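In: would you be able to build a 3D model of this:
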Amino acid sequence: MADNLSDTLKKLKITAVDRTEDSLEGCLDCLLQALAQNNMETSEKIQASGILQLFASLLTPQSSFKAKVANIIAEVAKNEFMRIPCVDAGLISPLVQLLNSKDQEVLLQTGRALGNICYDSHEGRSAVDQAGGAQIVIDHLRSLCSITDPANEKLLTVFCGMLMNYSNENGKQN
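Out: Numbers count the residues shown, from 1 in each chain. The predicted model follows:
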C-alpha cells in the first residue's frame, strides 16, 4: 500500500503536467481510496510529496476532475496539520471560484473542502474571507432555500456547516 501510494504521487506529478486524462483520473481515484483507508498517513505523504500545489491547477472550471480534487482536499483538510498547507498551496481562491459552478457534486465537494479548511483554523477562515467565499455561499443558501427540492438538502447542510466553521472558533467537521 505505501509503495503504491508513493508511486501514485509520483505518477500524479507527471500526469498533472502532461494532462494525461485517463491516468490522472486513475491517480485521483487511487488517492481517494488511500485517504479512505488511512487518512492521516496518506495526508502526510501528500504533504511531503509537494503535490498540494498541483491541485490548484486541477481546480479550474474547465477541469473534468474538479469535484474529485475538491473531494481529496476535503478529506486531507480533516487533519488539522493539513489546513495551513492547503492555504499556503493557494487552494482557497480556486476553490472559491468553483462555488460559481452549477454542478451539484462540485458545489458539494467544494463546500466540504472549504468548511474543513476553515475548521479551527484562523488562516483558513481568513483566506476564505479574503477570497469572498462566505458571500458566495450565502447567496447560494438564499437561492437554495427558495427551492424546496430534496436534492438540495445535502448541499444546504454542507453549506451551513461550511459557514458555521467559517464563522466559529470551534466548529464541527463534515
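In: quick check: which element contains residue 116?
Out: Using DSSP states H and E, residue 116 falls within helix 104-118.
In: tell me the helices and strands packed up against that helix.
Out: The helices and strands touching helix 104-118, judged by 3 or more C-beta pairs under 8 Å, 6 or more residues apart in numbering; DSSP states H and E, are helix 66-76, helix 80-88, helix 92-98, helix 122-131, helix 133-146, helix 153-167. Where you see a C-beta, it was placed from the backbone N, CA and C, and this is true even at glycine.
In: and with 7 Å instead?
Out: helix 66-76, helix 80-88, helix 92-98, helix 122-131, helix 153-167 (3 or more C-beta pairs under 7 Å, 6 or more residues apart in numbering; DSSP states H and E).
In: relative to the whole chain's centre, how far out is the last one?
Out: Put plainly, it is helix 153-167. Mean-position distance between helix 153-167 and its chain equals 14 Å (C-alpha atoms, centre = their mean, to the nearest Å).
In: same check, this time on stretch 52-69
Out: Using C-alpha atoms, centre = their mean, the mean C-alpha position of stretch 52-69 is found 9 Å from that of the whole chain.
In: just the C-alpha atoms of it, please, in CSV.
Out: What follows is stretch 52-69, C-alpha atoms only, in CSV (Å, rounded to 0.1, in the frame of the first residue of the first chain):
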residue,chain,number,x,y,z
LEU,A,52,-0.8,20.1,-3.0
GLN,A,53,0.3,23.0,-5.2
LEU,A,54,-0.6,20.9,-8.3
PHE,A,55,-4.2,20.7,-7.1
ALA,A,56,-4.7,24.4,-7.7
SER,A,57,-4.2,23.8,-11.4
LEU,A,58,-6.7,21.0,-11.4
LEU,A,59,-9.4,23.1,-9.8
THR,A,60,-10.1,25.2,-12.9
PRO,A,61,-13.7,25.4,-14.1
GLN,A,62,-12.5,23.7,-17.3
SER,A,63,-11.1,20.7,-15.4
SER,A,64,-13.1,17.5,-15.7
PHE,A,65,-11.6,16.4,-12.3
LYS,A,66,-12.5,19.4,-10.2
ALA,A,67,-15.1,17.5,-8.0
LYS,A,68,-12.6,14.7,-7.3
VAL,A,69,-9.8,17.1,-6.5
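In: nice, that's everything, thank you.
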